[in-house]
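# Would you be able to build a 3D model of this:
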Amino acid sequence: MKKKLAPSFDAAEALARLGANIRTARLRRAESESALADRLGVSRATVARLERGDGGVSLALAIEALLQYGYSEQVFALGDPEQDGVGKRLDALRRPSRGSGGALHAHRADPSKL
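Numbering: from 1, shown residues only. A predicted model of the protein is given here:
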């Protein structure tokens, strides 16, 4: 049996905020839960769970709801590696410096000090 992951405080907050944002978008369009559910191909109860921030609702459903309401730019920006400042700095530290004769110098960096 699969072990259910309990979301961290921050993850739970993000789920709740995402659900609330989807609900706000739906209400601003004067759309019922049932109408959104029909468009997404799920039950009204599933839409209610999504809007409550229930972590058991699929990521695909949340993304589909966001796309339905015109949030494509924000959806496609999620996890954008260009926004990963720490990862980019770590990557730069691992690259050989110019004039090193091509030898790769492994650097160990403490990410907390970047």
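# Residue 18 and residue 55 touch, don't they?
No. With contact defined as CB atoms under 8 Å, residue 18 does not reach residue 55; the gap is 10.3 Å. Backbone N, C-alpha and C define where each C-beta goes, glycine included.
# Can you check which residues contact both of the two?
Counting by CB atoms under 8 Å, 6 or more residues apart in numbering, no residue touches both residue 18 and residue 55.
# Just the pLDDT at the residue nearest the centre of the chain, thanks.
Centroid-nearest residue in the chain: residue 78, 5.3 Å away (criterion: CA atoms, centre = their mean). Listed pLDDT for residue 78 reads 93.
# And it, how close does it get to residue 84?
Plainly put, residue 78 is 12 Å away from residue 84 if you go by CB to CB, to the nearest Å.
# Residue 75 too?
Computed as CB to CB, the residue 75 to residue 84 distance reads 17 Å.
# What of residue 23?
Per CB to CB, residue 23 is found 30 Å from residue 84.
# who has more neighbours, those two?
Ranked by neighbour count (other CB atoms under 10 Å), residue 23 and residue 84 place residue 23 first, with 19 against 12.
# residues in contact with the more buried one?
Counting by CB under 8 Å, 6+ apart, residue 23 touches residue 51.
# Could you export the host helix or strand of it as PDB, CA atoms only?
Assigned by DSSP states H and E, residue 23 falls within helix 9-28. C-alpha atoms of helix 9-28 as PDB (Å, rounded to 0.1, in the frame of the first residue of the first chain):
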ATOM      1  CA  PHE A   9       3.200  23.600   6.300                       C
ATOM      2  CA  ASP A  10       4.300  25.600   3.200                       C
ATOM      3  CA  ALA A  11       3.000  23.000   0.800                       C
ATOM      4  CA  ALA A  12      -0.400  23.000   2.600                       C
ATOM      5  CA  GLU A  13      -0.500  26.800   2.500                       C
ATOM      6  CA  ALA A  14       0.400  26.700  -1.300                       C
ATOM      7  CA  LEU A  15      -2.400  24.200  -1.900                       C
ATOM      8  CA  ALA A  16      -4.900  26.300   0.000                       C
ATOM      9  CA  ARG A  17      -3.900  29.400  -1.800                       C
ATOM     10  CA  LEU A  18      -4.100  27.700  -5.200                       C
ATOM     11  CA  GLY A  19      -7.500  26.400  -4.400                       C
ATOM     12  CA  ALA A  20      -8.700  29.800  -3.200                       C
ATOM     13  CA  ASN A  21      -7.300  31.400  -6.400                       C
ATOM     14  CA  ILE A  22      -9.200  28.900  -8.600                       C
ATOM     15  CA  ARG A  23     -12.400  29.600  -6.600                       C
ATOM     16  CA  THR A  24     -12.000  33.400  -7.000                       C
ATOM     17  CA  ALA A  25     -11.500  33.000 -10.700                       C
ATOM     18  CA  ARG A  26     -14.600  30.800 -11.000                       C
ATOM     19  CA  LEU A  27     -16.700  33.200  -8.900                       C
ATOM     20  CA  ARG A  28     -15.500  36.300 -10.800                       C
END
